[in-house]
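**Student:** here you go, sequence then predicted model.
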Amino acid sequence: MERVQSYRDLIVWNKAMDLVVEVYRVSTAFPASERFRLIDQMTRAVVSVPANIAEGQGRGTSKDFAQFLAIARGSLNETETYLLLAIRLGYLTADQAERALALLTEVSKMLGALRAKVLQRPR
């Protein structure tokens, strides 16, 4: 197995970046009145997912990396909440949000698996 040299080598980071792009794409359907409300909060949350993966991987200890992966997962849950709220408010249809929600689920599973693996590393 090849050793990870950078956070950019992590599949989960790349999938999280895909999610960021998708959330930005779907948020263009929101009304302009949401620009500094829901859109702002949602995009901040989704951007923090790959950012926390990157920061944690660069910290150098398994404990720190695991903590940042947990923070990334929290931001992922926050993003999901905003997407579901956007559907309830009628800013998106379930079909429009489908790709973002599927990526979100995939990233969540990957984060959980990676965190478990990181926590198994010897200290």
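**Tutor:** Sure, I can see it. From a predicted model like this one, the values you see are computed outputs, not experimental measurements.

**Student:** now do residue 22 against residue 96, distance only.
**Tutor:** For residue 22, the distance to residue 96 (Cβ to Cβ, to the nearest Å) stands at 10 Å. Where C-beta positions appear, they are placed from N, C-alpha and C, glycine not excepted.

**Student:** actually residue 54, sorry about that
**Tutor:** Distance of residue 54 to residue 96, given as Cβ to Cβ: 28 Å.

**Student:** with residue 45 instead?
**Tutor:** According to Cβ to Cβ, residue 45 stands 18 Å off from residue 96.

**Student:** those two: which is more packed in?
**Tutor:** Between residue 45 and residue 96, counted using other Cβ atoms under 10 Å, residue 45 has the larger neighbour count: 20 against 15.

**Student:** who are the contact partners of the most centrally placed residue in the chain?
**Tutor:** The centre of the chain sits closest to residue 49, judged by Cα atoms, centre = their mean, with a distance of 3.7 Å. Counting by Cβ atoms under 8 Å, 6 or more residues apart in numbering, residue 49 touches 16, 19-20, 72, 75-76, 79, 107.

**Student:** what's the helix or strand for it?
**Tutor:** Counting by DSSP states H and E, the element that carries residue 49 is helix 38-58.

**Student:** quick one: name whatever helix or strand follows that helix.
**Tutor:** The helix or strand immediately downstream of helix 38-58 is helix 62-88, counting by DSSP H and E.

**Student:** what comes up buried for that next one?
**Tutor:** 62, 65-69, 71-73, 75-76, 78-80, 82-83, 86-87 (16 or more other Cβ atoms under 10 Å).

**Student:** so where is this protein shaky, pLDDT-wise?
**Tutor:** Scanning the chain for pLDDT under 70 picks out 1-4, 123.

**Student:** having no further points to raise, I will conclude here.
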